[in-house]
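Trainee: let's see this in three dimensions:
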Amino acid sequence: MPSISSPSFARLVAALKQRNKTCTVIESSCGGLINASILAQPGASEVYYGGSVAYNTRKAKPFLLNKDKLHDNLMAVSNASNKQAYMESKSKWTKQASLAFCQDAEVDFCIAEGGATGPTFRPDGLDTGFAVISIAARVSFQTDKSKPQYPLFHVVEQRFIESSHADREINMRYFADQAAQTLLKVVTNGMVDDIDDPATAAQQQQLQVAAATSNTSSGKPHLDRATHLRTDPDKLQQLAEQAQYVVLHKNVALFRKSNNNNDNNRSKQQLQDELHNRQLLMLSAKQIADVCQMTNAKQVTTFLGLINEHDPIFGVDLLLDNDDKNNDTTTILGDAIEKVLAKKDAMIFEDTRSVAPLLDPKTCDNELVLHATALAQWQRLYPHCPVCGSITTLTQAGTCRTCTHCGHASWPRQDPSMIAVVSNREGTKVLLGRSKRHPARMHTALAGFVEAGETMEKAVAREIYEETGIRVDEESVQYVASQPWPFPQSTMVGFTVQADESQPLNIDTNELVEAAWFDKSQVQLASSVRGPVMQKEVAEAALANNPSLPLLIPPKGVLARTLIDTWLHTVEE
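Mentor: Next up is the predicted model:
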């Protein structure tokens, strides 16, 4: 039920099942959303014994185990006259409630949540949402052999979460998700990555559809670019101290290394899978500062936005004075980052262009790294004013350049480009090309920049004719999707189009090495290959595993692959 629960609850229930642990919930300001989200998970009855919602303060005693102390303290929270007293009371109450419910239900864990979501707030000075989440746990048993054995319970975790707004629905969903994440980390001792995603393929697809058609209330995290904050230096300074940073250097980004990266004997298939499962590795402000101190790197930071309205994300471009072809600055920075992380082989710098599309679509990682890359490249390439040629300074949190002489303000460019998959009129074959930069057998959709005063449809027809000599049926041009592509600085607009396959191919060898028509079975076979096949070593591994492959095509996450899959799906229908 993606409209109710976030993916965090699926992982929480899976973690409890794997460890044979049980839980209960007592919540207040989330109004039952935490309980409902656990119930929405298949098989939750194995780990969830039920819960309670103390929503009407005066009438809540029956839902608080009929305990006078719990109810009296909840009433004290309600009667608090100012913001500070109200928050402190919630902290005290959630600790007591989590412990009481954990003990009475005799479960392994209890989530207690209390706070205020908005938009109406009673205490003076409270105008944005907040929540306190306390986790109680059965941590041990009485070991004195002279006494009866009984469990011991303690509050093991408490989190205070503050919102930046008073949108009640968004706050409720965010606080509920944070409650699930908090208990998940407690249950797994922080090893959250060890939990397999329990969703089936159908459920994953349902989550992706829901995320694509809804706002921040969907299961997928949402990036709010929060442009209104770019001109608020005090708020930006506050956010920068608590933010996570997407780390860039030259044209590479920082990713998390998988556990088997050190295994020189891993198979070529393992190499493909490993690259296919890359994760963005973000650092804290303190970690960035430590790396810069160790390497004398200059950092250029840019505000990227807020995840789910709350969590600040910045991009940081690390620059070294000796940053030239004769110095392996990537290794210098990588060594420093591993020292800061205190973990060997924990990270890797990799080409953003080939790896970014493979990042998990249930996260914002792809959008974040492309956003950060586009801004960092623009910052490096255009230091001068386009009007008078004077030096500019970065303003508006790194998203604007202001001239030091004439005051002209300029922003990053995105040049429109087209990309298209050409099928024959029967829809049984597709025309794909291979450029000089692609490895052997790697074929993709045809693409090019839109010229001044040209429509997208005319650009599709012109580029395909210039590169292959094929005249398309212009009336068949159909828009499919678009994708930002900061390599160098384009917005790619994707289309499908039809053409007569009997026309002779006339390849522009300045643009393409080869182009050919491929039938459905050939493309379907190529679609089973995983990994960033734009990289030479991955392509070679794929061909070594299956030498009979007639071609390779881009991986999922790339717009060219979306167009190819659109054609395949149409053929199947």
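
Trainee: list the residues that contact the closest residue to Lys536 other than its chain neighbours.
Mentor: With sequence-adjacent residues excluded and distances taken as CB to CB, 6 or more residues apart in numbering, Lys536 is closest to Pro439, at 4.6 Å. Every C-beta, even on glycine, is put in place using the N, C-alpha and C of the backbone. For Pro439, the contacting residues are 533-536, 539-540, 552, taking CB atoms under 8 Å, 6 or more residues apart in numbering as the criterion.

Trainee: top of those by number of neighbours, please.
Mentor: Top of those by neighbour number is Val533, holding 27 neighbours under the definition other CB atoms under 10 Å.

Trainee: for this protein, which spans come out with low pLDDT?
Mentor: Confidence mapping of the chain against pLDDT under 70 gives the ranges 1-5, 77-81, 140-151, 190-220, 258-277, 323-327, 570-573.

Trainee: quick one, what contacts Cys292?
Mentor: With contacts defined as CB under 8 Å, 6+ apart, the neighbours of Cys292 are 298-299, 318.

Trainee: after the helix or strand hosting it, next one along is what?
Mentor: Secondary structure from DSSP states H and E places Cys292 in helix 285-295. Next helix or strand after helix 285-295 toward the C-terminus (DSSP H and E): strand 298-307.

Trainee: sorry, back to before: which of the contacts of Pro439 sit farthest apart?
Mentor: Spatially, the most separated pair among these is Met534 and Glu540, at 12.2 Å (CB to CB).

Trainee: correct me if wrong, but the residue nearest to Lys536 is in a helix.
Mentor: No. Per DSSP: H, G, I helix; E, B strand; the rest coil, Pro439 lies outside any helix segment and is coil.

Trainee: quick check: it vs Ala515, distance?
Mentor: Computed as CB to CB, to the nearest Å, the Pro439 to Ala515 distance reads 16 Å.

Trainee: do I have it right that Pro383 meets Thr392?
Mentor: Yes. In terms of CB atoms under 8 Å, Pro383 counts as a neighbour of Thr392; the distance is 6.2 Å.

Trainee: span of stretch 427-440 from start to end?
Mentor: Separation of the first and last residues of stretch 427-440 by CA to CA, to the nearest Å is 26 Å.

Trainee: Provide a list of residues in contact with Ile161.
Mentor: Under the criterion of CB under 8 Å, 6+ apart, the contact partners of Ile161 comprise 115, 130-133, 174-175, 178, 310.

Trainee: state the helix or strand in which it lies.
Mentor: Following DSSP H and E, one finds Ile161 within strand 151-162.

Trainee: put the alpha carbons of that strand into PDB.
Mentor: The C-alpha trace of strand 151-162 is given here as PDB (Å, rounded to 0.1, in the frame of the first residue of the first chain):
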ATOM      1  CA  PRO A 151      13.000  -9.500  31.300                       C
ATOM      2  CA  LEU A 152      14.600  -6.100  31.700                       C
ATOM      3  CA  PHE A 153      13.500  -3.100  29.600                       C
ATOM      4  CA  HIS A 154      15.200   0.100  28.800                       C
ATOM      5  CA  VAL A 155      14.700   3.200  26.500                       C
ATOM      6  CA  VAL A 156      17.500   2.600  24.000                       C
ATOM      7  CA  GLU A 157      17.000   5.500  21.600                       C
ATOM      8  CA  GLN A 158      15.300   8.900  21.400                       C
ATOM      9  CA  ARG A 159      15.100  11.200  18.500                       C
ATOM     10  CA  PHE A 160      13.900  14.800  18.200                       C
ATOM     11  CA  ILE A 161      12.800  15.700  14.700                       C
ATOM     12  CA  GLU A 162      11.800  19.200  13.600                       C
END
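
Trainee: before we move on, back to that, distance to Phe349 and secondary structure added to the contacts of Pro439, as TSV?
Mentor: Converted to TSV, those look like this (distance: CB to CB, whole Å; DSSP: H, G, I helix; E, B strand; the rest coil):
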residue	distance to Phe349	secondary structure
Val533	20	coil
Met534	17	coil
Gln535	14	coil
Lys536	17	helix
Ala539	20	helix
Glu540	21	helix
Leu552	24	strand
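
Trainee: just give me the closest of these to Ala40.
Mentor: Lowest distance from Ala40 to those (CB to CB) belongs to Val533, with 37.5 Å.

Trainee: the closest one contacts Lys556, doesn't it?
Mentor: No. Applying CB under 8 Å, one finds Val533 not in contact with Lys556, separated by 11.3 Å.

Trainee: distance of Val539 from Thr566?
Mentor: If you look again at residue 539, you'll see it is Ala, not Val. Remark: distance between Ala539 and Thr566 (CB to CB) = 23 Å.

Trainee: typo on my end, Val460
Mentor: In terms of CB to CB, Val460 sits 15 Å off from Thr566.

Trainee: who's more crowded, these two?
Mentor: More neighbours surround Val460 than the other of Val460 and Thr566, with 28 against 18 (other CB under 10 Å).

Trainee: check which helix or strand that one maps to.
Mentor: Taking DSSP H and E as the definition, Val460 sits inside helix 456-468.

Trainee: what angle sits between the next helix or strand after that helix and helix 456-468?
Mentor: Scanning forward in sequence from helix 456-468 by DSSP H and E, the next helix or strand is strand 478-485. On the basis of axes from the mean of the first three to the mean of the last three CA atoms, to 10 degrees, strand 478-485 is oriented at 80 degrees to helix 456-468.

Trainee: strand 478-485 packs against which elements?
Mentor: For strand 478-485, the contact count by 3 or more CB pairs under 8 Å, 6 or more residues apart in numbering; DSSP states H and E identifies helix 365-381, strand 490-499, helix 559-572 as packing neighbours.
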